[in-house]
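# Below are the sequence and a predicted model for it; my questions follow.
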Amino acid sequence: MATPPRPSFPVRLTPTASAATRGRMPAVPVKPMVPSTPSMASDAVRARMVQKLAAQGIADARVLRAMGAVERHRFVDSALVNQAYEDTSLPIGLGQTISKPNVVARMIELLLGAPALVGKPQGRLGRVLEIGTGCGYQAAVLNEVASEVYSIERLRGLHERARTNLRHFRLATVHLMLGDGMIGYAKGAPYAGIIAAAGGEAVPEAWIDQLAVGGRIVAPTHSATGGQALVVIDKTLGGLERRILEAVHFVPLKSGIA
């Protein structure tokens, strides 16, 4: 199968918005990323966070290395930097949050358990699609374990904020897109993994269609109790295999661009 063209970093995708529509959208101020200081950027601070993640049950060495490599404080507001390495979600604007480190690590660890990587404990994921870029933190962590990351965000203000945050790292294999995450990004398919930071009634069929055989989707969906739970979907030669895991709490999955 021929590899589809790869957009340069950063890219912008507007599959449902015309130029006239974009012209009506008010500009959203993007706060500058937090400057690095010795105390915030020290390896020791991140190492303590990684130790806590290991104590909480994160066992995959690839995930622990990735979590220790990415400076989380660069993705939060300056008023919240003292909480950047605590296991807590933090507001990033527009009613959205940066997920807890434990949740990010857990979902990426699940993604690395895809059938295609079974028996390859040091294996690296191929191309990954992230639904909901947010501030860009999870995309940066995914970049540590995947060969290429396509990340799509429907909120223009967050898309711009992620571009600003990630520009410092100059990650040539991370591609940011403004678009409707519910329809995925067919031009980049097939994906070895798809991970979502928003939960809907069910996993969209478009994601399943864009997933490679041997690949895995990790996403929150509505549960029978009315809350949300993580669902893992593996695409095998024999069909789809689904598992419902622990309860989680994510923002709702929505369509369109705002």
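Okay, I see it.
# ranges for the helices of this structure?
19-24, 38-41, 43-55, 61-69, 101-111, 137-143, 156-167, 205-210 (DSSP state H).
# Tell me which of those sits nearest to residue 217.
helix 205-210 (5.8 Å; C-beta to C-beta). Placement of C-beta: from N, CA and C, glycine included.
# Show me what counts as buried in the closest one.
For helix 205-210, the neighbour count (16 or more other C-beta atoms under 10 Å) marks 206, 207, 210 as buried.
# hang on, the second one packs against residue 186?
No: checked against C-beta atoms under 8 Å, the pair residue 207 and residue 186 is beyond contact range at 10.5 Å.
# Next, the buried residues of the longest strand along the chain.
Ranked by number of residues, the top strand in the chain under DSSP state E is strand 211-222. By neighbour count on 16+ other C-beta under 10 Å, the buried set for strand 211-222 is 211, 212, 214, 215, 216, 217, 218, 219, 220, 221, 222.
# With adjacent residues omitted, what lies nearest to the second one?
Same thing as residue 212. Once flanking residues are discounted, residue 212 sits nearest to residue 190: 3.6 Å by C-beta to C-beta, 6 or more residues apart in numbering.
# And for that neighbour, the neighbour number?
18 (other C-beta atoms under 10 Å).
# ok, now which ones touch it?
1, 127, 210, 211, 212, 213, 215 (C-beta atoms under 8 Å, 6 or more residues apart in numbering).
# again, 10 Å this time
1, 4, 126-127, 129, 209-215, 235 (C-beta atoms under 10 Å, 6 or more residues apart in numbering).
# pLDDT score assigned to it?
Predicted confidence (pLDDT) for residue 190: 97.
# Distance-wise, check it relative to residue 86.
Distance of residue 190 to residue 86, given as C-beta to C-beta, to the nearest Å: 37 Å.
# cool, and residue 129?
With C-beta to C-beta as the criterion, residue 129 and residue 86 are 29 Å apart.
# So between these two, which is more surrounded?
residue 129 (28 against 14).
# Residue 181 is in contact with the more buried one, correct?
Yes: contact criterion C-beta atoms under 10 Å: residue 129 and residue 181 qualify, at 8.8 Å.
# just for the chain, where's the confidence low?
1-42 (pLDDT under 70).
# follow-up on the earlier one: how about the buried residues of strand 211-222, which pair is most distant?
Going by C-beta to C-beta, the pair spanning these furthest: 214 and 222, at 27.0 Å.
# Grab the nearest non-local neighbour of residue 126.
Among residues not flanking residue 126 along the chain, residue 192 sits closest, at 3.6 Å (C-beta to C-beta, 6+ apart).
# For that neighbour, list the residues it contacts.
Counting by C-beta under 10 Å, 6+ apart, residue 192 touches 111, 114, 116-117, 124-129, 146-148, 211-212, 214-216.
# Okay, it and residue 171: tell me how far apart.
Residue 192 is 18 Å from residue 171, by C-beta to C-beta.
# cool, and residue 239?
Residue 239 is 35 Å from residue 171, by C-beta to C-beta.
# which one of these two has more residues nearby?
residue 171 (19 against 7).
# Surely the more buried one touches residue 141?
No: taking contacts as C-beta under 10 Å, residue 171 lies outside contact range of residue 141: 11.1 Å.
# joint contacts of those two?
residue 149.
# Could I get the contacting residues of the nearest residue to residue 255 once chain neighbours are set aside?
Setting aside the residues directly before and after it, residue 255 is nearest to residue 182 in space (C-beta to C-beta, 6+ apart), at 4.5 Å. The neighbours of residue 182, taking C-beta under 10 Å, 6+ apart as the test, are 131, 152, 154, 196, 198, 200, 204-207, 253-256.
# re earlier: spit out the residues that contact residue 129 and residue 181 alike.
151, 152, 196, 207.
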